[in-house]
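Novice: structure for this input, please:
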Amino acid sequence: MIPEPQLSRLYQEVILDHNRNPRNFKEIPNPTQYSHGYNPLCGDDYHLYLVIDESGVIADAGFMGSGCAISKSSASIMTTLIKGKTVSEIAALKDNFLEFMTQAPLPASAKSAVGRMAMFEGVREFPIRVKCATLIWHALADALKDYSSGHKSTGGI
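Specialist: As a prediction, this is how the structure comes out:
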């Protein structure tokens, strides 16, 4: 097992890598679902694009925009995690992550419920930065809100 200080450094390195080399940093033409997330307090501003196939699986995901290292890496990691999963699977992951980032005290089961996103646990110590880590997840919630009714989402937060 990796000692806690080394694990923290590893997580920081992963977050910084996703900031420098964001995965799925692209606009998707004609997405089935879309949302625009903007945080006026810090200026984080992202567009989220999803392609959901007829069986309810995320066939593609992308994001564009600008923001701090935390918001960009959260978006990058999130888009890699949701591709290939069903809408219900990612809805559960989204709910778990938002709860993980905002609930205090943190339930013991919370880390395992969010998987790789647990690396953002240190952000919880800085409440103003929690909004950075969760912005893209709120955009995901917005993009999915009309999915079950069969409507294309063009919303924003």
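Novice: what about this protein, any weak spots by pLDDT?
Specialist: 1-11, 148-157 (pLDDT under 70).
Novice: which residues does stretch 85-102 contact?
Specialist: 52, 55-58, 81-82, 106, 110-111, 113-115, 117-118, 120-121, 123-124, 130, 133-134, 137-138, 140-141, 144, 147-148 (C-beta atoms under 8 Å, 6 or more residues apart in numbering). (Each C-beta comes from the backbone N, C-alpha and C, glycine too.)
Novice: check the offset of that stretch from the chain's centre.
Specialist: Relative to its parent chain, stretch 85-102 has a centroid offset of 9 Å by C-alpha atoms, centre = their mean, to the nearest Å.
Novice: just the strands from this protein, written as ranges.
Specialist: 33-38, 45-52, 58-66, 153-156 (DSSP state E).
Novice: okay, and which of the contacts of stretch 85-102 map to helices?
Specialist: 81-82, 110-111, 113-114, 130, 133-134, 137-138, 140-141, 144 (DSSP state H).
Novice: tell me which two in these are the farthest apart.
Specialist: For the ones in helices among the contacts of stretch 85-102, the farthest-apart pair by C-beta to C-beta is 111 and 144; their separation is 23.8 Å.
Novice: more neighbours: which of those two?
Specialist: residue 144 (20 against 15; other C-beta atoms under 10 Å).
Novice: where's the more buried one relative to residue 110, distance?
Specialist: 21 Å (C-beta to C-beta, to the nearest Å).
Novice: now the buried members of the contacts of stretch 85-102.
Specialist: Applying 16 or more other C-beta atoms under 10 Å to the contacts of stretch 85-102, the neighbour count classes 52, 57-58, 81-82, 110, 113-114, 117, 120-121, 123-124, 130, 133-134, 137-138, 140-141, 144, 147 as buried.
Novice: circling back to that earlier point, quick check, nearest of the ones in helices among the contacts of stretch 85-102 to residue 38?
Specialist: Nearest to residue 38, judged by C-beta to C-beta, of the ones in helices among the contacts of stretch 85-102 is residue 138 at 10.3 Å.
Novice: in this structure the closest one contacts residue 37, no?
Specialist: Yes - counting by C-beta atoms under 8 Å, residue 138 sits close enough to residue 37 to count as a contact (6.0 Å).
Novice: before we move on, back to that, looking at the ones in helices among the contacts of stretch 85-102, which is nearest residue 16?
Specialist: For the ones in helices among the contacts of stretch 85-102, the nearest to residue 16 is residue 133 (14.1 Å; C-beta to C-beta).
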